[in-house]
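**Student:** quick one: sequence plus predicted model below, questions after.
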Amino acid sequence: MRLCALALVCVVLGLSGCQSAEPNLLRNGSFEQGVEPWFSLESEHWAGFSRSDRYAVDGRFSAYLALRADPEDHGAKVFGLIQELRPKRFPKRLSGYYRVENWRRGTAKQYLQCVIIAWGDRAVSQYSNVQIRYILAGLTEPPFAINNARFVFLGDREPIRERWVRFERDLRSDFLQQWGHIPENFEKIRVLCEARYDDKEPGTVVSADVYYDALYLGD
């Protein structure tokens with residue numbers, strides 16, 4: 001019986017699970033074709049990402065987020081990658097891997113998250129979009145109040161370091177539980193994978209190297 005390439009990597013690295021054979025709604029989820037169609041926001045509070053061949057789960061490459069802040073910086077900043085899609089049906093499963101290296105906490109609110117945003121389904125709520133923010137590591141309670149988002153915590157306050165960590169969620173079940181409704185008449189879905197900090201005080205140092213790979217969205 002032949003193993004898929006990712007399954008073989010999972011065996012070698014001691015990781016559980018292989019990505020589904022179902023079509024991946026996320027294009028270039030393993031970053032083997034460059035960085036597109038992933039993108040970052042153009043904002044003073046946002047920083048982008050690059051592609052790295054230092055660590056990978058599926059293939060040779062992964063997305064690399066260099067979480068950094070000058071000592072005198074303050075407030076919040078997001079380092080992340082985004083993809084938007086318009087599937088006919090709300091997807092069931094989100095999964096992927098992240099890896100943390102050189103973690104140096106400079107604020108209590110320094111964390112990793114993967115965010116799913118459904119735009120335009122008024123049956124869910126009165127908001128233009130509703131979100132579930134999956135906190136992968138770094139926090140154990142919401143970092144701030146936001147009316148159109150729910151937080152789901154998947155990891156510990158201190159992230160696991162120097163190895164790949166897999167995450168997987170049933171989006172339909174989570175949206176039903178958190179919002180009372182599975183989005184149906186949505187306009188688009190936005191997926192964000194982030195490393196970020198909030199409420200940083202001047203004089204503190206924030207640093208981490210974060211990688212994402214083998215990102216999957218589908219049934």
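**Tutor:** Looks like it arrived, so ask away.

**Student:** okay, now the unreliable bits of the protein?
**Tutor:** 1-21, 122-125 (pLDDT under 70).

**Student:** host element of residue 172?
**Tutor:** Assigning secondary structure by DSSP states H and E places residue 172 in helix 171-179.

**Student:** helices and strands around that helix, which ones?
**Tutor:** When contacts are defined as 3 or more C-beta pairs under 8 Å, 6 or more residues apart in numbering; DSSP states H and E, helix 171-179 packs onto strand 129-137, strand 149-153. C-beta: built from backbone N, CA, C; applies to glycine.

**Student:** export the longest one to PDB, keeping only CA atoms.
**Tutor:** In PDB, the C-alpha atoms belonging to strand 129-137 read as follows (Å, rounded to 0.1, in the frame of the first residue of the first chain):
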ATOM      1  CA  ASN A 129     -19.200  39.300   8.800                       C
ATOM      2  CA  VAL A 130     -18.900  36.700  11.500                       C
ATOM      3  CA  GLN A 131     -15.700  35.100  12.700                       C
ATOM      4  CA  ILE A 132     -14.200  32.200  14.600                       C
ATOM      5  CA  ARG A 133     -10.700  32.900  15.900                       C
ATOM      6  CA  TYR A 134      -8.900  29.700  16.700                       C
ATOM      7  CA  ILE A 135      -6.100  30.500  19.200                       C
ATOM      8  CA  LEU A 136      -3.400  28.000  18.400                       C
ATOM      9  CA  ALA A 137      -1.000  29.000  21.100                       C
END
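
**Student:** that one vs helix 171-179, what angle?
**Tutor:** 110 degrees (axes from the mean of the first three to the mean of the last three C-alpha atoms, to 10 degrees).

**Student:** and for the shortest one?
**Tutor:** Angle of strand 149-153 versus helix 171-179, following the same axes, to 10 degrees, is 120 degrees.

**Student:** pairing partners for strand 149-153, with directions?
**Tutor:** The partner list of strand 149-153 in its sheet, established with DSSP bridges, is strand 129-137 (parallel).

**Student:** okay, now the nearest residue to residue 174 once chain neighbours are set aside: neighbour count?
**Tutor:** The spatial neighbour of residue 174 that comes closest, neighbours along the chain excluded (C-beta to C-beta, 6 or more residues apart in numbering), is residue 132 at 5.6 Å. Around residue 132 sit 22 other residues, with neighbours defined as other C-beta atoms under 10 Å.

**Student:** now residue 188
**Tutor:** Residues near residue 188, counting by other C-beta under 10 Å, number 13.

**Student:** give me phi/psi at it?
**Tutor:** phi -160, psi 170 (degrees, to the nearest 10).

**Student:** does it touch residue 128 like I think?
**Tutor:** No - contact between residue 188 and residue 128 fails when scored by C-beta atoms under 8 Å: they sit 11.4 Å apart.

**Student:** now stretch 189-198: buried residues?
**Tutor:** If you call a residue buried by 16 or more other C-beta atoms under 10 Å, then stretch 189-198 has these buried ones: 189, 191-198.

**Student:** those in strands, which ones?
**Tutor:** 189, 191-198 (DSSP state E).

**Student:** between those residues, which is closest to residue 217?
**Tutor:** residue 191 (6.3 Å; C-beta to C-beta).

**Student:** which strand or helix spans the closest residue to the closest one other than its chain neighbours?
**Tutor:** Sequence neighbours aside, residue 83 is the residue nearest to residue 191 in space, at 5.1 Å (criterion: C-beta to C-beta, 6+ apart). Element membership of residue 83 [criterion: DSSP H and E] is strand 75-85.
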